[in-house]
Every structure is written in structure tokens, then in C-alpha cells.
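[1] Predicted model follows, preceded by the sequence.
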Protein chains: 2
Amino acid sequence: MSEPGKKRTDLNELGEFGLIDHITKDVVLHNKSSIKGVGDDAAVMEFGEQYTVVSTDLLVEGIHFDMMYMPLKHLGYKSIVVNLSDIFAMNAIPKQVTVSMALSNRYSVEAIEELYEGIHRACKMYNVDLVGGDTTSSPSGLTLSITAIGQVDKDKIALRSGASPGDILCVTGDLGAAYLGLQILEREKQIYLENPGVQPDLEDQNYLIGRQLKPEARLEAIEYFQKNNLVPTAMIDVSDGLASDLFHICTQSNVGAILEEGKVPIHPDSEVKALAFNMNPITAALHGGEDYELLFCIKEADLEKVRFMPNVFIIGEIVDKSDGIKLHTTGGKILPLEAQGWKHFKED
Amino acid sequence: MSEPGKKRTDLNELGEFGLIDHITKDVVLHNKSSIKGVGDDAAVMEFGEQYTVVSTDLLVEGIHFDMMYMPLKHLGYKSIVVNLSDIFAMNAIPKQVTVSMALSNRYSVEAIEELYEGIHRACKMYNVDLVGGDTTSSPSGLTLSITAIGQVDKDKIALRSGASPGDILCVTGDLGAAYLGLQILEREKQIYLENPGVQPDLEDQNYLIGRQLKPEARLEAIEYFQKNNLVPTAMIDVSDGLASDLFHICTQSNVGAILEEGKVPIHPDSEVKALAFNMNPITAALHGGEDYELLFCIKEADLEKVRFMPNVFIIGEIVDKSDGIKLHTTGGKILPLEAQGWKHFKED
């Protein structure tokens, strides 16, 4: 890989999204059953009366989770939930998952039992079947690869690309809490590493830590849409942060958006903790990530249907592309919204 | 994970297959569309007129491939092919793949381009669409997770469990070559590490090295079955080695088998190289693995249909379970066949 004379471009020059674009830009779909490939929450295939959607995630120890504060049962649970969240983001119902893992000898059979207890619990909670996978050894640490498979009526699928100016922007729950939970756990880890005798006091921070360690996916929103015959014009799950995920919708729908700062739901515990960390709470909500709430757009005519939806917040509006993607602050200012930068590739 | 008083069972006490059994033994399939879960080459789902089959593999640097002798283009190609092989082993036609990768900063953009050149080439060769995936960083090395999705008419699916006494046992090509190719590459690596100035001479070993670095999956066999209206009673791809994979068929079909040593196809280059390594060529064929040939059973009545199949070898017969799984040697002896032991989980 380091032959003399060969060009070497560092991965960080492209970043994750840039790299994905780069390696998939020439992909053309040939099979009739391939409806939508790279670029949404899940791939879409047509195998019968309905669409089949498939989403896949790779979770790496030391990158996505830290064994010092992530109990294995929670890791198993969360790894399933984050994939189901991608299926829900297509307005589909997940039916099956496969779980592959690479693990080193450092893990005992009992540890893996704990991991699978969480996996089985999530499967039961969301009524999906564990149908396959692969198990192999790893030179170090634990890597999990989860694939989720779901189904949706063809006329009900919600891509990222269907939003139009005038659509109402909604989200299914409060934002920023998972990020703040992670900050608490990271801080406790540092304290523990410096003073192994100190017992952490996390009692009053259950909500934030729970949102980080044991997130839930928004099945009930999809069920509400079905019951009320409502199809979002565009939808995505908030995994990278509200700003970044709103950018995905706007880019793919070729529209702009205006976000009302005062309408973005933030839990009281998040408010308090953000301020304790000297951070503006809206910053945690905009850029935090890992909330796994659904961000979706509806036609204005469907507003009545959303009014009685539990746990839904109207946070803005889709506008013309030329109007850009803006934040209307509580102070009355209109500021350009910025998507969070991509994460760096870790040094070897 | 090492709390005092907690039982700790080493992963090696169970091994890979034991671990899979252990963590999936309580899985019950709840969804109507989940037809077959863990335990075959692929999971089977019913989403329409046909069955959808899904297979997934995790490939880890330092376990499944070694960058010292595995060019990235070949790695990309092989990682797709081995998954398609699992789809063919269900008598299905692969349609889509997803590719996820975790990679460290050690890899350049150009290196990943090479990897994807191989991936795209395999997709083109086998007419499958790359429809999704996930890209993330890794603390060290490269991990690839591939999922392949295929389709098969419901009455054409070939599980591992359908073989009956009297069925004929066939294989689509010669065995042991990929294993011997690996031995050559491992030996050259050692020579290089000890004397970096020595140039390897691999000219006359192209066949064996090619079988290791650039395997092909047996699409043409599945096409032949379709054209000739032939459905194998059981099928598996030879990834672990002929003996081990025959054991999978026998265990799941609840039958025994007798394998004719003299009929097992072995390439002349494999014969020569095995002897040079002081190994009985049949040992490489029985336990080598990674050949990705299809091992399948047919009813005796279908023998005529197989006679004109190119590259097929009749290597034995399915017998009663009580007769065991035996090797009929060229010397006329009947010996019990042993499956290769599971691989150890690597120390951290």
C-alpha cells in the first residue's frame, strides 16, 4: 500500500460520507428487483406485493462503544434497536435480523450470553426474528454487524427525497439526551481511571444515561402512521444529530428548511446537564446524535392527523432550496444551520 | 467481565459451532415470513411468490486474510464471491449485496478504491447490485461485512436437510487447491520475513494460488439445474472442507454417507504440491476448505440429468444414519470419516 510513486490520499481528506460517495458513485442497479441502493436509511427491493427494505450497521469496540461503561446486555439491545430504527425510518416494519460478530478470546461464553440476552430481548420487544449471522474470532476486541430486514406497502415507503416546500417538519421526541448521557459516562470513566476507588454517583442522571445505553426505536410512530393513513413525504432517523440528518433530507429532496429553535424538544435533564457542561442545550440537540427519534415531513393538509399523535413535535418547515437551511433562534435571529463535520478515521 | 465469583467459560471450550448453537438454541421464529433461520447456508424468507434468501459473512484482517499476500482487489472480489456461494448453495440466484467495512487510518483512499474495484468486478461478473452498507473507522486493521440477498422459486430451494439414503453425492470441482495455495503463500511470507531480498517464484503455482486468492462461485451449476429441471435434495458449499461440510448435510438430513476416496477430484497441481508438503492429497481435499465448490445430493432417478453436467463429479452415496459417515479408501478399506475440529478463538 505504500509503493513508491503511488499517490496516497488520507481517508480524512474525504471523511466517511465523502468516502461512501467516492466508492459508490459509479454504481448502476441492473436487477429489476433493486429499487433503491446506497443513500437512504435502507436499501429497497421489490420481491413481491410489498417492498423489502434492508439496513446494515457495523459496530466496533473502541469506536462505537466502550466496554468500561457499556454493559454487554445493553450493547446487544442497542445494536438491534439502531438497525430497526433505520427500517422504521423507511416507514417499514422490521421482520428479521442477522447478527454477525468477531470476538477475541478476552470474551467469555458468559459475556457473549449477556450480549445475546440483550439481542434476544430487543428482538422480542420489536417482534423481529433472529434468522442468521456469522461468528468468527478477532485479533482484538468485539465487532458486531447487524442487518435488519423489513416490509412496507409500495405506496407507503418514506424515502429521504420526497419533501417539498410547505411541508411541516416533525420529530418524535426530545433531542440531545443521548449525547449528554455519553458525556456523563466519559467523564465518570476519566474520574475512575484517575481514582479507581471513587464510586460514581449516577442516580439523578438515569434519564440521560438511559437514552445513551438503552435507546428505543419509534415503532409506535409507524403504527400511528398506518392507523391514520398518513405517509410522511420524507423521513430519517436522528442518528448523526438533528442538523446533519435534516441536511440529508434537504439535500436529497432538493429543498431548504427553517428550524424553530424554540420548538426543538429538549428534556429538562438535558437543559440542566448541558448548562453544567457549559454548553448551549440547543447545540446538544442539533449536533448530539444517537437519539434515534424519527425526523419526518408531512404535507400541510395532514397537519390535523399529526395533532393527536402522542410524542410528536412540530419543529419547522420545508422551504425552497434557494432559501437555504436556517435556524430561527429564540432571540429572533435567522442563522444558517451547519451540519456537524464528519468524524475522523482513527489512527491505527 | 472478570468480576470475582462469576463463572468464566473460555470460548474455546465451545468452539465456533458450539457457540452458535449455544446462543441460538432458544430462538423461535414468530413472523410468518421467517421460513428458516440459523443453521443453513442462508436464512429463508417468504416475501412474495418466491423465497428470499439472505447470507452474511464477517471477514477480519489477521484472521481471514493477510495483507502481506492478499491484494486488496482480490480481497474485494473474494469477499463478494464467498457470500454469493452461500446463496447458490440454496439453489438461489443472488440479486443484491451490501458491503460494510471498518477501516483504520492505515488505509488510503487509493487502497479502498482497489478494494472496491474487486467488489464491483465481482458484482458485475455475477450480475448482482451493490445496494447498501456502512462505513466506519476501526482502531486497527480492516473488517468487512458482506450480506447477499437472493431469490429462488419455493419448490426449488435446496436446504442441507433434504438428503435421503440412496441419494447420489456430487461435487462441482476439484478440492484442496485453495488450501494448498494458502500454504504456498504462508511459506513465501515466512521466507520473505526472514530474507526480505529474496523474490518469490510462484510462476508454476498459478492454479493453486488463484484458487486461494480469486475463487469463483458456481453460478453455472445453478443455471444447469434450472435448465434441466433438477433440484438437489440437499446442497452446501465447500467452505470448511469436504468432510466438515458433508457432516453438516448428514447431521441435518439425519443420514450417513459413504465417500469414495478414488472419486474425489484433485487437481494434478494439488497432488504434486501436497506430496511436496509431505501431505496425503486426500487430506487436503477432505479438510482444506475455501474451495467454494458445491456439494450436493440428487435422487438416483436424476442420475441421467447429471451425467452431461460439465465439471461434476460423483463422489459417493447417502446411506442410513446407522451406517455412519465413512471413507472407502482406494486401498479398499472402510474408515470412519472425521470432521475437522473447529478453529480456536484467537488470543487478544
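    The structure has been received and is ready for your questions. These numbers were taken from a predicted model, which means no experiment stands behind them.
[2] Excluding chain neighbours, what is closest to whichever residue of chain A sits closest to chain B?
    Nearest residue of chain A to chain B: A:Gly48, at 1.7 Å (Cβ to the nearest Cβ). To be clear about C-beta, it is placed using only N, CA and C from the backbone, and glycine gets the same treatment. Closest residue to A:Gly48 apart from its sequence neighbours, by Cβ to Cβ, 6 or more residues apart in numbering or on different chains: B:Gly48 at 1.7 Å.
[3] And for A:Gly210?
    Closest residue in space to A:Gly210, ignoring its immediate chain neighbours: A:Gly181 at 7.1 Å, by Cβ to Cβ, 6+ apart.
[4] How is chain A divided into domains?
    As given by automatic domain parsing, the domain ranges for chain A are A:11-156, A:168-336.
[5] Check the separation of the first and last residues in the longest one.
    Just to be clear, that refers to domain A:168-336. End-to-end distance for domain A:168-336: 19 Å, by Cα to Cα, to the nearest Å.
[6] per-residue confidence averaged over that domain?
    Domain A:168-336 shows a mean pLDDT of 94 in the predicted model.
[7] Check the offset of it from the chain's centre.
    Taking Cα atoms, centre = their mean, to the nearest Å, the mean C-alpha location of domain A:168-336 is offset from the chain mean by 10 Å.
[8] In which helix or strand does the residue lying closest to A:Asn280 once chain neighbours are set aside reside?
    The shortest distance from A:Asn280 to any non-neighbouring residue, by Cβ to Cβ, 6+ apart, is to A:Ala274 (6.8 Å). Here A:Ala274 sits within helix A:268-276, counting by DSSP states H and E.
[9] Which residues does that helix contact?
    Outside of helix A:268-276, the residues within contact range by Cβ atoms under 8 Å, 6 or more residues apart in numbering or on different chains are A:174, A:176-177, A:180, A:183-184, A:205, A:207-208, A:266, A:280-281, A:283-285.
[10] could you redo the last one with a cut-off of 6 Å?
    Contacts with helix A:268-276, where a contact means Cβ atoms under 6 Å, 6 or more residues apart in numbering or on different chains, come from A:176-177, A:180, A:207-208, A:281, A:284.
[11] Same question for stretch A:102-120.
    Residues outside stretch A:102-120 that contact it (Cβ under 6 Å, 6+ apart): A:72-73, A:76-77, A:80, A:99, A:136, A:138, A:140, A:142-143, B:1, B:7-9, B:14, B:23, B:58, B:60, B:345, B:347-348.
[12] again with stretch A:36-45
    Under Cβ under 6 Å, 6+ apart, the answer for stretch A:36-45 is A:24, A:29, A:33, A:35, A:51-55, A:86-87, A:89-90, A:159-160, B:131-132.
[13] Next secondary structure after the helix or strand harbouring A:Leu169?
    Assigned by DSSP H and E, A:Leu169 belongs to strand A:168-171. With elements assigned by DSSP H and E, the helix or strand that comes after strand A:168-171 is helix A:177-194.
[14] In that next one, which residues are buried?
    Under the neighbour-count criterion of 16 or more other Cβ atoms under 10 Å in any protein chain shown, helix A:177-194 has A:177-185, A:188 buried.
[15] Just give the nearest non-adjacent residue to A:Gly324, would you?
    Leaving out its chain neighbours, the residue that sits closest to A:Gly324 by Cβ to Cβ, 6+ apart is A:Gly256, at 5.0 Å.
[16] count of residues packed around the one you found?
    19 (other Cβ atoms under 10 Å in any protein chain shown).
[17] quick one: it from A:Thr9, how far?
    Counting by Cβ to Cβ, to the nearest Å, the separation of A:Gly256 from A:Thr9 is 32 Å.
[18] Alpha carbons only: can I get stretch A:306-313 in CSV?
    Presented in CSV, the C-alpha positions along stretch A:306-313 are these (Å, rounded to 0.1, in the frame of the first residue of the first chain):
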residue,chain,number,x,y,z
VAL,A,306,-50.4,14.8,13.4
ARG,A,307,-52.1,17.0,16.1
PHE,A,308,-53.3,14.0,18.1
MET,A,309,-50.1,11.9,17.7
PRO,A,310,-48.5,11.3,21.0
ASN,A,311,-44.9,12.5,21.5
VAL,A,312,-44.7,14.5,18.3
PHE,A,313,-43.2,18.0,18.0
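[19] For it, which residues meet the burial criterion?
    Buried residues in stretch A:306-313, counted by 16+ other Cβ under 10 Å: A:306, A:309, A:312-313.
[20] hmm, who's touching that stretch?
    With contacts defined as Cβ under 6 Å, 6+ apart, stretch A:306-313 is touched by A:170-173, A:224, A:265, A:298.
[21] returning to what we had before: scan the contacts of helix A:268-276 and report the most crowded one.
    A:Gly176 leads these on contacts (other Cβ under 10 Å) with 32 neighbours.
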